[in-house]
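S.K.: Sequence and predicted model, in that order:
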Amino acid sequence: MRVPSWRSAKRRFAAGKRALFALLFSSWMVLPALAQEHAPTYDTLVIVDFPSLACRAFWPTLKSTLQNSETSRLLPGDVVWMRREEFRAGMEFREGYQVFLRGDCDNVPPSFGQHETRGPLGWVLLVDHQIQPFVYVDCDRVAQTLARELRGKTTSERRQFLARAISRVVAHEMTHIATQSSLHSASGLQKARVTPLDLLEYSVD
């Protein structure tokens, strides 16, 4: 969980920005008829981009956990969390954020032992002293961190565990954006380094 500087993140920021604009403008191109409808206006819209069908399978758990998190209360007004596929032309929002999940959400590392996870579980981008509205989560690293806890679990149980863990990573990074602070706390959700227990606590408050 980290906040890369502009020099180290310039390319990733540009890619994320292009992805968001591509999402918005391609929707207008593909579904122009919907632009004539009276689509709802949201205070805050958070779009989640899933890399695979496996990840989308636990969207209900992920959405429910995030909706009830402290992070939603940090964002302005009513907050709507939706999958990228649910976004339609004509939707209006005052504040917009995008969450990119990467990797294989159903992946379980072959090793039974607990081992060090290399690299951050999630990150945001700092550009010109502003933390940008893009969150990145590496699902493979999350699964690696939870290797022992996921071993022997059913598919349904793994999805529940991973959805809970990923929601906590997203909440951590969204807090950086909402507070515009890259600082970490000594305990709780905003710690710089988390344990499997931190990731699997029931609430993300």
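M.R.: Noted; the coordinates are in hand.
S.K.: buried set for the strand or helix carrying Phe100?
M.R.: Assigned by DSSP states H and E, Phe100 falls within strand 92-102. For strand 92-102, the neighbour count (16 or more other C-beta atoms under 10 Å) marks 93, 96-102 as buried. For glycine as for every other residue, the C-beta is placed from the backbone atoms N, C-alpha and C.
S.K.: residues near Leu199, how many?
M.R.: Applying other C-beta atoms under 10 Å, we find 23 residues neighbouring Leu199.
S.K.: what's the nearest residue to it if we skip its chain neighbours?
M.R.: Distance criterion C-beta to C-beta, 6 or more residues apart in numbering; nearest residue to Leu199, sequence neighbours excluded, is Ala165 at 3.8 Å.
S.K.: in the one helix or strand that neighbour maps to, what's buried?
M.R.: Assigned by DSSP H and E, Ala165 falls within helix 155-179. Going by neighbour count (16+ other C-beta under 10 Å), the buried part of helix 155-179 is 158-178.
S.K.: Give me the buried positions along the next helix or strand after that helix.
M.R.: Tracing the chain C-terminally past helix 155-179 and defining elements by DSSP H and E, one meets helix 196-200 next. Across helix 196-200, burial judged by 16+ other C-beta under 10 Å covers 196, 198-199.
S.K.: again, but for stretch 61-77
M.R.: Residues 61-63, 65-66, 69, 71-72, 75 are the ones in stretch 61-77 that count as buried (16+ other C-beta under 10 Å).
S.K.: Relative to the whole chain's centre, how far out is it?
M.R.: Using C-alpha atoms, centre = their mean, to the nearest Å, the mean C-alpha position of stretch 61-77 is found 11 Å from that of the whole chain.
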